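> just coords:
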């Protein structure tokens, strides 16, 4: 039911790796290490600045894929993959967008399931890729019934 | 603290056992991440979907698991982080974070990682490829 969405992508959205958000995020995952939040520590580190935790891109806006209408409830996040060229630096600007990389359906012992593979990208101001993400989102039979109603 | 690069295949990082999961943990994560799916914070919404109560954000657990590597972030960085969300995490659950070095290939170290609950079930599992700086 989402096959025709494959290849659709969002417009790039400008995001800033904000110091306050990095601190709040690091605390929320119980990892308030000074490499993330202490400015003086960051300056003396090999990076010369603070970095963000690897799952921080959860905070970013990736833009909407207009045609993709997903319910905001009942979806299952099946898998999550991050690939980094380097860590994210606190204070830097990252341009993010997302695309539907694939869609397939399966019928197994748990009944019908749809799998949407979303790819998410983060680039610096020069258009250089810094990270790529892949999310496997599972649509269950119950959610499908809601969608077609 | 040992340098990560000194580890050999089969070696493990020190496990970390977290405090029992509280509602406030999940409210904080919702606020910090912007993921306000009510299944993670509001009991009635979780029950509507047939769950006994709210469940943790998978990304909260994945975020927590990465902290096994945080002390080594000047030695290298997490290049690939792959996770499968295989179980649900409920309030009061006690998670233990684990990482075991599978293979070392030059500057790349491939770890099997998992968060295991109090019953010994892996609730999330996957791999971390840690790239050390030369």
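All right, it came through fine. Keep in mind that what you see is a predicted model, and the values were worked out from it rather than measured.
> Spell out which parts of chain A neighbour chain B.
Selection of chain A residues close to chain B by C-beta under 8 Å from any C-beta of the partner chain yields A:21, A:24-25, A:27-31, A:33, A:35-36, A:45-47, A:51, A:53-55, A:58-59, A:72-74, A:76-84, A:86-87. For the C-beta atoms, the positions are set from N, CA and C on the backbone; glycine is no exception.
> Now which of the residues you listed would you call buried?
A:21, A:24-25, A:28-31, A:33, A:35-36, A:45, A:47, A:51, A:53-55, A:58-59, A:74, A:77-84, A:87 (16 or more other C-beta atoms under 10 Å in any protein chain shown).
> any weak-confidence spans in chain B?
Applying pLDDT under 70 to chain B flags residues B:1.
> Spatially central residue in it, please.
residue B:65 (2.5 Å; C-alpha atoms, centre = their mean).
> Distance-wise, check residue A:106 relative to residue B:103.
Using C-beta to C-beta, to the nearest Å, residue A:106 is found at 31 Å from residue B:103.
> Next to chain A in this structure, residues from chain B, please.
Checking chain B against chain A by C-beta under 8 Å from any C-beta, the hits are B:18, B:25, B:28-29, B:31-35, B:37-39, B:45, B:49, B:58-60, B:62-64, B:66-67, B:70-71, B:73-74, B:77-85, B:133.
> what about chain A, any weak spots by pLDDT?
A:72, A:148-149.
> switch to 90 and redo it
A:1-3, A:66-76, A:108-111, A:140-149 (pLDDT under 90).
> what are the ranges of the strands in the chain?
Going with chain A. Ranges of strands in chain A, per DSSP state E, are A:13-16, A:76-84, A:93-108, A:111-123, A:129-140.
> sorry, should have said chain B
So, for chain B - with DSSP E - the strands run B:16-17, B:76-85, B:96-105, B:108-116, B:122-132.
> quick one: which of these is nearest residue A:41?
Closest to residue A:41 of the strands of chain B is strand B:76-85 (C-beta to C-beta; 16.5 Å).
> what about residue A:48, how many neighbours?
Residue A:48 is flanked by 9 other residues according to other C-beta atoms under 10 Å in any protein chain shown.
> Contacts only, for it.
By C-beta atoms under 8 Å, 6 or more residues apart in numbering or on different chains, residue A:48 lies in contact with residue A:42.
> how much space between it and residue A:86?
Distance from residue A:48 to residue A:86, by C-beta to C-beta: 13 Å.
> For the spatially most central residue of chain A, which residues are in contact?
Computing the C-alpha centroid of chain A and ranking residues by C-alpha atoms, centre = their mean puts residue A:58 first, at 4.9 Å. Shown in contact with residue A:58 (C-beta under 8 Å, 6+ apart): A:25, B:33-35, B:59, B:63.
> Can you say which of those residues are buried?
A:25, B:33, B:35, B:59, B:63.
> Need phi/psi at residue B:120.
phi 90, psi 10 (degrees, to the nearest 10).
> One more: residue B:75?
phi -90, psi -20.
> That one contacts residue B:132, correct?
Yes - between residue B:75 and residue B:132 a contact is recorded at 5.6 Å, counting by C-beta atoms under 8 Å.
> Now do the shared contacts for these two.
By C-beta under 8 Å, 6+ apart, the residues touching both residue B:75 and residue B:132 are B:4-5.
> which helix in chain B runs the most residues?
helix B:23-33 (DSSP state H).
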